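Engineer: what's the 3D shape of this:
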Amino acid sequence: MSYFKHHVFFCCNQRKPGETSCNDHHATEMQTYAKDRIAALGLKGRGNVRINKAGCLGRCDDGPVLVVYPDETWYTYVDREDIDEIIESHLANGRVVERLRLPEAP
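Structural biologist: Below is the predicted model:
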């Protein structure tokens with residue numbers, strides 16, 4: 001069994017000016033928001049959810065992106081409402097948010 005039920009990595013990469021980066025879309029702010037929401041909902045910690053920052057996850061062109069493990073589910077998002085939906089639906093209730101899900105890599 002995994003230490004965390006869900007381990008969420010937010011790409012917070014910042015590339016050179018002119019190159020697409022997740023952090024251009026407020027990824028660090030959204031990661032902090034998600035971390036605070038998980039704690040407020042009592043979902044933080046062992047057996048539950050861990051929210052982490054990550055460097056480049058290799059999908060900045062699809063960004064901003066986050067990935068949920070061990071489910072291997074990749075998401076994009078626009079705002080806090082999208083983050084709330086991922087938390088409520090996927091992390092709290094195990095239902096993938098299809099409208100925000102990124103396609104699997106070929």
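
Engineer: Only C-alpha atoms from now on, for both contacts and neighbour counts.
Structural biologist: Will do.

Engineer: What's the end-to-end length of stretch 39-52?
Structural biologist: The straight-line separation of the ends of stretch 39-52 (Cα to Cα, to the nearest Å) is 13 Å.

Engineer: Is it correct that Met30 falls within a strand?
Structural biologist: No - assignment of Met30 by DSSP: H, G, I helix; E, B strand; the rest coil gives helix, placing it outside any strand.

Engineer: Can you get me a residue count around the residue lying closest to it once chain neighbours are set aside?
Structural biologist: In space, Met30 comes closest to Arg80 once its chain neighbours are excluded; the distance is 6.9 Å by Cα to Cα, 6 or more residues apart in numbering. A total of 14 residues lie near Arg80 under the criterion other Cα atoms under 10 Å.

Engineer: So what sits opposite the residue nearest the centre of the chain in the bridge?
Structural biologist: The residue at the geometric middle of the chain, judged as the C-alpha nearest the mean C-alpha position with Cα atoms, centre = their mean, is Leu66 (3.2 Å). When assigned by DSSP bridges, Leu66 has beta-bridge partners Phe10, Tyr75.

Engineer: Verify the stated contact: it with Tyr75.
Structural biologist: Yes - with contact defined as Cα atoms under 8 Å, Leu66 reaches Tyr75; the gap is 5.4 Å.

Engineer: can you give me the strands for this structure?
Structural biologist: In the chain, strands defined by DSSP state E lie at 6-11, 49-54, 65-69, 73-76, listed in chain order.

Engineer: So which of those strands is the most surrounded?
Structural biologist: Looking across those with neighbours counted as mean count of other Cα atoms under 10 Å, the highest average goes to strand 6-11: a mean of 24.

Engineer: From the contact counts, what lies against that strand?
Structural biologist: With contacts defined as 3 or more Cα pairs under 8 Å, 6 or more residues apart in numbering; DSSP states H and E, the packing partners of strand 6-11 are helix 27-40, strand 49-54, strand 65-69.
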